[in-house]
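Chemist: Let's see this in three dimensions:
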Amino acid sequence: MNKQGRFLEFEGKIHRPKKHLGQNFLEDKNILKKIADSVNLHSSESVIEIGPGKGALTEFLIQRTNRLKAIEVDNSLFEGLQKKFLNAEFILGDFLEIELESFYKGEKLVVVGNIPYYITTPIIFKLLENWRFIDRAVLMIQDEVAKRLKAEPETKDYGILAVQLQSFSEVSYLFQVGRKAFFPAPNVDSAVIELKFNPHPAIKKGEVDEKFYRNLIRNAFSMRRKTLLNNLKGKYDIDFFNESRMIDNKIDLSRRAETLTREEFILLSINLAKK
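Modeler: You can find the predicted model right below:
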């Protein structure tokens, strides 16, 4: 590695970290081992690694499973990964464009990765959309975002992503990773989280239409300062509720979205879908 922080060497070739791909390589082996340990892998589990980079985490994962597939978008790293790790399968491509269902062979997947900050939200939404095929995900993301995913109602961080994620999974904040553990060092700290995909019972039973529910949450938070009634009118048939401003005698439409619990959003979705 160049002491100026510009280059690194991988499989005999010089590699310049690509800013447009959000490449910040984790190099601390103690932290890498800690992440791999956090996944709690069984040797027979199928693992999908997002963005293996130089294979620093891959090295620890292949010690724990013989069914690892890693998806790398950077062609300049892809060839080196194939040469270095003969007992893992590498796929050249963008994780956001990969059909996760194609990896599902009857046993749910485990997803692991050091996620580029700029595509954290799209990746999490992709995992949500594919929850039926995924058992759990262990991801390293920006620390600020990790804390936001655990946000409670009536806080400024409680929003679309937190409600949706908490409706479809159990979110655990595992540990923080300081910025100095990376090359090049980012401007913020990171954190490792675990998502155990265990949707709300109403979603599991099919009482809630998933697409309807996701759109409802987006619409409810479209203007945070406005009430549910103002955000939802024109998009849903809520005239019936206007006079009392109450749904099922439990949800007051004069409230703001940030005050509703996950259970209340589920109830709201069920009632509005009926209309």
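Chemist: all helices for the protein, in order.
Modeler: 29-38, 58-61, 75-84, 120-129, 143-149, 160-168, 201-204, 210-220, 228-232, 262-274 (DSSP state H).
Chemist: helices or strands next to the second one in the packing?
Modeler: Spelled out, that is helix 58-61. Secondary-structure packing of helix 58-61 (3 or more C-beta pairs under 8 Å, 6 or more residues apart in numbering; DSSP states H and E): helix 29-38, strand 47-50, strand 68-72. Where C-beta positions appear, they are placed from N, C-alpha and C, glycine not excepted.
Chemist: Include distance to residue 116 when you put the ones you listed into a markdown table, please.
Modeler: Conversion of the helices and strands packed on helix 58-61 to a markdown table gives the following (distance: least, C-beta to C-beta, whole Å):
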| stretch | distance to residue 116 |
| --- | --- |
| helix 29-38 | 16 |
| strand 47-50 | 9 |
| strand 68-72 | 12 |
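Chemist: For residue 127, find the nearest of the ones you listed.
Modeler: Comparison of the helices and strands packed on helix 58-61 against residue 127 by C-beta to C-beta identifies strand 47-50 as nearest, at 9.7 Å.
Chemist: Now do residue 25, the pLDDT please.
Modeler: On the pLDDT scale, residue 25 is placed at 81.
Chemist: my guess is it contacts residue 53, does it?
Modeler: Yes. Under the criterion of C-beta atoms under 8 Å, residue 25 is in contact with residue 53, at a separation of 5.3 Å.
Chemist: Which residue of the two possesses the greater neighbour count?
Modeler: residue 53 (24 against 19; other C-beta atoms under 10 Å).
Chemist: gap between that one and residue 59?
Modeler: Using C-beta to C-beta, to the nearest Å, we find residue 53 at a distance of 11 Å from residue 59.
Chemist: circling back: would TSV of the helices of the chain with mean neighbour count and distance to residue 179 be doable?
Modeler: Formatted as TSV, the helices of the chain follow (neighbours: other C-beta atoms under 10 Å; distance: least, C-beta to C-beta, whole Å):
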stretch	mean neighbour count	distance to residue 179
helix 29-38	16	12
helix 58-61	21	21
helix 75-84	16	22
helix 120-129	18	16
helix 143-149	19	9
helix 160-168	22	23
helix 201-204	14	37
helix 210-220	18	32
helix 228-232	19	37
helix 262-274	18	32
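Chemist: Distance to residue 191 for the ones you listed - can I get that in CSV?
Modeler: As requested, the helices of the chain are arranged in CSV below (distance: least, C-beta to C-beta, whole Å):
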stretch, distance to residue 191
helix 29-38, 11
helix 58-61, 18
helix 75-84, 24
helix 120-129, 11
helix 143-149, 4
helix 160-168, 14
helix 201-204, 26
helix 210-220, 24
helix 228-232, 31
helix 262-274, 22
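Chemist: closest to residue 99 out of those?
Modeler: Nearest of the helices of the chain to residue 99, taken as C-beta to C-beta: helix 120-129 at 10.4 Å.
Chemist: circling back to that earlier point, mind checking which of the helices and strands packed on helix 58-61 is nearest residue 155?
Modeler: Across those, residue 155 has its closest neighbour in helix 29-38 (26.2 Å, C-beta to C-beta).
Chemist: OK, contacts around the closest residue in space to residue 63 that isn't next to it in sequence?
Modeler: Computed as C-beta to C-beta, 6 or more residues apart in numbering, the closest residue to residue 63 that is not its neighbour in sequence is residue 36, at 7.6 Å. Residues touching residue 36, when contacts are defined by C-beta atoms under 8 Å, 6 or more residues apart in numbering, comprise 57, 60-61, 63-64.
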